[in-house]
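> Dropping the sequence and predicted coords here.
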Amino acid sequence: MALHRFANPARFMRLSAAILPWFAAAAAVLLALGVYLALFVAPPDYQQGDDVRIMFVHVPAAWLASFIYLLLALASAVAIIWRHPLADIAAQSAAPLGAAFTALCLVTGSLWGVKMWGTWWVWDARLTSVLVLFFLYLGYIALVNAFDEPTRGARAGAILALVGVVNLPIIKFSVDWWNTLHQKASVFRLGGPTIDPSMLWPLAVMAVGFTFFFATLLLLRMRTALIAAKIRALRLAEIERLRPARAAARQQVLT
Amino acid sequence: MSEGLLGFLAMGGYAAYVWSAYGVTLAVAAGLLLWCLGDYRRRQRELERLQRDRP
């Protein structure tokens, strides 16, 4: 498959312009439906009561936190191996979005934990590894912007992103490898979900809605980055164009 | 009717936590959207200006 043909910046601009309104509409419809299902249709939990409704925002945020990091790492691998400019742009556009969803996951998890666990925070393996994920995002963003030369920053960031991948299986399996206060997997597990369909469906709608929302923002940010690159190129061309005129003017002053 | 609404808002006694979680989610989503759209429009205008000023 000629995937690289879609990675051409001009083609990406055309393609993303066509896709964007559909993604945005899908996100709006699914999130509206998802919130309705989560607040009005899904039943209260037999143990947790209505507090369980926090799950419908916490779990999609948590999935996105890991999913976006996987995307960041894949884009970084493509950037390192094939040196494709769009891959760096994709990685750098995804990073702040990933950081935001990770922060949202931590805050909503904390709000859920207060009553169910009796504590805002506990240093168990799941919570700690997700906090590390948050710092990986921040470290990536800081590292990319720490160099005067953008290509060197992008390369350093890509290497950090790849090293950080080791954290993803730790997050996923932390609840199996260690004794955690956090519950074990109840959706993506061998033998199928253990969560009741009346809660699974609203959760699925919210998760897909969150994903379309993220995809919309990612395309927007990638388009913004490409426009910024074009602006830089135009400014450089302008400087080149004015150079002979400026040299001539200087000559006149001297003579 | 109003009791139904109040009952809904009370969230079985978990109102503070449930509504905080949904409020934070809404704030983060709206914040990200405004940030990305604002950035996009600003850059677009800048590019249009540059292309207009050039012959």
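Arrived safely. Residues are numbered from 1 along each chain as shown, chains lettered A, B, ... in the order given.
> ok, and the closest non-adjacent residue to B:Val18?
B:Met11 (4.4 Å; CB to CB, 6 or more residues apart in numbering or on different chains). Placement of C-beta: from N, CA and C, glycine included.
> The one you found against B:Ser20, yeah?
No. If you go by CB atoms under 8 Å, B:Met11 and B:Ser20 don't touch, sitting 10.6 Å apart.
> Point out the residues in the stretch 151-255 of chain A that sit beside chain B.
Within the stretch 151-255 of chain A, the residues that sit near chain B (CB under 8 Å from any CB of the partner chain) are A:213, A:217, A:220-221, A:223-224, A:227-228, A:230-231, A:234-235, A:238.
> want to try TSV for those, with distance to A:Ser76 as columns?
TSV is the format used below for these (distance: CB to CB, whole Å):
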residue	distance to A:Ser76
A:Phe213	23
A:Leu217	19
A:Leu220	21
A:Arg221	16
A:Arg223	20
A:Thr224	20
A:Ile227	23
A:Ala228	20
A:Lys230	23
A:Ile231	25
A:Leu234	28
A:Arg235	28
A:Glu238	33
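> Please see if stretch A:52-71 touches chain B.
Yes. For stretch A:52-71 and chain B, the contact criterion (CB under 8 Å from any CB) is met by A:Arg53, A:Ile54, A:Val57, A:His58, A:Ala61.
> Identify each buried residue in that stretch, please.
For stretch A:52-71, the neighbour count (16 or more other CB atoms under 10 Å in any protein chain shown) marks A:52-69, A:71 as buried.
> Contact partners for the residue nearest to B:Val18?
A:Asp50, A:Asp51, A:Arg53, B:Tyr17, B:Val18, B:Trp19 (CB atoms under 8 Å, 6 or more residues apart in numbering or on different chains).
> SS state for the nearest residue to the third one once chain neighbours are set aside?
I take that to be A:Arg53. Closest residue in space to A:Arg53, ignoring its immediate chain neighbours: B:Val18 at 5.3 Å, by CB to CB, 6+ apart. Following DSSP: H, G, I helix; E, B strand; the rest coil, we place B:Val18 in the helix state.
> can you check the one 4 residues further on too?
Reducing the assignment at B:Tyr22 to three states with three-state DSSP gives helix.
> any idea how far A:Ala65 is from it?
18 Å (CB to CB, to the nearest Å).
> With A:Leu104 instead?
Distance, A:Leu104 to A:Ala65, by CB to CB: 8 Å.
> Same question for A:Ala94.
12 Å.
> likewise B:Trp19?
22 Å.
> Name the surrounding residues that touch stretch A:83-95.
With contacts defined as CB under 8 Å, 6+ apart, stretch A:83-95 is touched by A:4, A:7, A:9, A:12, A:68, A:71-72, A:75-76, A:78-79, A:137, A:140-141, A:144, A:154, A:157-158, A:161, A:218, A:221-222, A:224-226, A:229.
> Only the buried residues of it, if you could.
For stretch A:83-95, by 16+ other CB under 10 Å, it's A:His84, A:Pro85, A:Leu86, A:Ala87, A:Asp88, A:Ile89, A:Ala90, A:Ala91, A:Gln92, A:Ser93, A:Ala94, A:Ala95.
> what's around A:Pro44, how many residues?
14 (other CB atoms under 10 Å in any protein chain shown).
> ugh, wrong one, I meant B:Trp19
Other residues close to B:Trp19 by other CB under 10 Å number 15.
> Write out the residues of chain B neighbouring chain A.
B:8, B:11-14, B:17-18, B:20-22, B:24-25, B:28-29, B:31-33, B:36-37, B:39-40, B:43-44, B:46-47, B:50-51, B:54.
> Can I get the residues of stretch A:52-71 next to chain B in JSON lines including secondary structure and pLDDT?
Shown next, in JSON lines, are the residues of stretch A:52-71 next to chain B (DSSP: H, G, I helix; E, B strand; the rest coil; pLDDT from 0 to 100):
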{"residue": "A:Arg53", "secondary structure": "helix", "pLDDT": "96"}
{"residue": "A:Ile54", "secondary structure": "helix", "pLDDT": "96"}
{"residue": "A:Val57", "secondary structure": "helix", "pLDDT": "97"}
{"residue": "A:His58", "secondary structure": "helix", "pLDDT": "97"}
{"residue": "A:Ala61", "secondary structure": "helix", "pLDDT": "98"}
